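1. Provided below for reference: sequence and predicted model.
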Amino acid sequence: MKFLILAALAAVAAADTQGYGAPPPRYASSEEIAILRNDFVIEDDGRYNFDAETANGIVVSEHGTPGLEGAINSAGSFSYTAPDGTDVHLQFVADENGFQPQGAHLPVAPEFPHPIPQFVLDQIAFAAEEDARNAKRPSSGGYQ
């Protein structure tokens, strides 16, 4: 029993020294970033405009208007430099159709209808033939 307690304590101590729970190094910076612009205007009718820019190149712009049933329709953009140095620019609309982002960095689904691989067409044909054969057999009332 003492061995199990000692082993558990050793495991906890080893896990603690591995830095679990510590933020990743890129977030550990205590450097303060200046806010160059921070304009936020809310109108009495529910419209708003928001524009912000920081010294490290983050730029955000958004505007919104009241939508149906208390929802807010908004549109805007933001840009920043990713940790790998890539410039990221995203434009979006958020309305009754949901959040609709657009940006060169986002993955793109293949065009539809896309070509169906031959092995899939072969399997579909095989299943159709099998269904036709089974339709000609008398049913036993259960699974075939």
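-> Cool, the structure landed. Keep in mind the model is a prediction, meaning the values are calculated, not measured.
2. ranges for the helices of this structure?
-> 2-17, 118-136 (DSSP state H).
3. mean pLDDT for those: which is lowest?
-> Among the helices of the chain, helix 2-17 has the lowest mean pLDDT, at a mean of 55.
4. got the buried residues for stretch 48-67?
-> Buried positions in stretch 48-67, judged by neighbour count with 16 or more other Cβ atoms under 10 Å: Tyr48, Phe50, Ala52, Glu53, Ile58, Val60, Ser61, Glu62, Gly64. The C-beta positions use only the backbone N, C-alpha and C, and glycine is treated the same way.
5. For Gly76, state which of the residues you listed is nearest.
-> When the buried residues of stretch 48-67 are compared for distance to Gly76 (Cβ to Cβ), Glu62 wins out at 3.2 Å.
6. Quick check, the closest one in contact with Phe50.
-> Yes - applying Cβ atoms under 8 Å, one finds Glu62 in contact with Phe50, separated by 4.7 Å.
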